[in-house]
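S.K.: here is my input; please provide its structure:
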Amino acid sequence: MKMDRRTGFTLVEVLVTVAIIGVLFVLGLVVFENAGKKNPERGAALVMNALRLARQHAVAQRQWTLAVFPTRDGGAYAADDLPKCLRGFAVLAVVNNMDGLADARQVPDHMEFAFVKDWDYLPEGITFDDDPTLDGNFVFGAPSGSGDTYTGAFRFPLDPANPGNRDRPMGAVLFKPNGRAYVMHDASPTGRCWQDVDGSKLYVTATKHYETSDGQLGAATIVPGATSIVRIRNKTGQVEQVP
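M.R.: Residues are numbered from 1 along each chain as shown. Reported below is the predicted structural model:
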């Protein structure tokens, strides 16, 4: 006579299964919650990598080297270049020797450029904040000590294949072969636009949205989001994220 053996789950197996499902559900909620969030910290990390590359190149190759940031100065962009405005950044080497030149010839107008790093971009939905009232925001127009606000007085190339073209006004951070960092403090045509201002900052933000029209960014719409701050130390050229 055969015994009637019924198959099924034990209580322990049921509890383990429920616990696993619970863990997966929590993990799924975290992923879903973060899916729509814009992460300025990732953008700040990309910017710091570019700045460090510029400094490294300046020291290793004994060349003045710049990280450049297209701004809203200078009117409309071509359609292909508009995404660079407040989102793009590149690294340019100055291939002619600037050391020892008089101040009046140290301006970007007398520099010959080669691209060290092609254009990179902040993640979608992340931009540089060009509000000139932000503390230390010299790259994007912070007022100088005289009370004037820097606007793009000097033009830089957009096309890596044509580095001799001076296409757009841009903000810039300069690294010299001694490793020190300089920012455009004003629009002086004498070369004294380069100032080693300590604590210059770049604000990488998810709090602004721009509609585009006729090759330009419109006024910013404020949206929920966070901002990450990259600080540049002038004496050492080191860059760091501000907590």
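
S.K.: in this structure, which spans are strands?
M.R.: 65-70, 88-94, 113-121, 127-128, 155-156, 168-175, 181-184, 194-195, 200-205, 208-213, 216-222, 227-232, 239-242 (DSSP state E).

S.K.: wait, isn't residue 64 in contact with residue 172?
M.R.: No - assessed by C-beta atoms under 8 Å, residue 64 is found out of contact with residue 172, at 10.7 Å. For glycine as for every other residue, the C-beta is placed from the backbone atoms N, C-alpha and C.

S.K.: distance check, residue 62 against residue 183.
M.R.: Look at residue 62 and residue 183: by C-beta to C-beta, to the nearest Å, they are 21 Å apart.

S.K.: span of stretch 236-243 from start to end?
M.R.: End-to-end distance of stretch 236-243 (C-alpha to C-alpha, to the nearest Å): 20 Å.

S.K.: and stretch 75-83, how far apart are its ends?
M.R.: Per C-alpha to C-alpha, the first residue of stretch 75-83 is 14 Å away from its last.

S.K.: and if you look at stretch 98-106?
M.R.: 6 Å.

S.K.: contacts for that stretch?
M.R.: The contact list for stretch 98-106, computed with C-beta atoms under 8 Å, 6 or more residues apart in numbering, reads 64, 110-111, 177, 189-192, 194.

S.K.: try it again with 7 Å
M.R.: The contact list for stretch 98-106, computed with C-beta atoms under 7 Å, 6 or more residues apart in numbering, reads 64, 111, 190-192, 194.

S.K.: between residue 62 and residue 183, tell me which one has more neighbours.
M.R.: It is residue 183, of residue 62 and residue 183, that has more neighbours when counted by other C-beta atoms under 10 Å, with 24 against 13.

S.K.: now that one: how far from residue 169?
M.R.: 15 Å.

S.K.: if we ignore the residues flanking it in sequence, what's nearest residue 179?
M.R.: Spatial nearest neighbour of residue 179, excluding adjacent residues (C-beta to C-beta, 6 or more residues apart in numbering): residue 237 at 4.5 Å.

S.K.: tell me how many other residues surround residue 57.
M.R.: Neighbours around residue 57, by other C-beta under 10 Å: 21.

S.K.: and the residue lying closest to it once chain neighbours are set aside, bridged to which residues?
M.R.: Closest residue to residue 57 apart from its sequence neighbours, by C-beta to C-beta, 6+ apart: residue 65 at 4.7 Å. In this entry, residue 65 is beta-bridged to residue 93, residue 175, by DSSP bridges.

S.K.: next up, the contacts around residue 65.
M.R.: 54, 57-58, 91-94, 116, 175.

S.K.: low-confidence ranges in this protein?
M.R.: Confidence mapping of the chain against pLDDT under 70 gives the ranges 1-9, 13-14, 16, 19, 22-37, 143-151.

S.K.: ok, residue 160 - contacts?
M.R.: Residue 160 neighbours (C-beta under 7 Å, 6+ apart): 115, 118.

S.K.: nearest residue to the middle of the chain?
M.R.: residue 47 (4.1 Å; C-alpha atoms, centre = their mean).

S.K.: that residue touches residue 204, doesn't it?
M.R.: Yes - using C-beta atoms under 7 Å, residue 47 is in contact with residue 204, at 6.3 Å.

S.K.: what touches both of the two?
M.R.: residue 230.

S.K.: sounds good, over and out.
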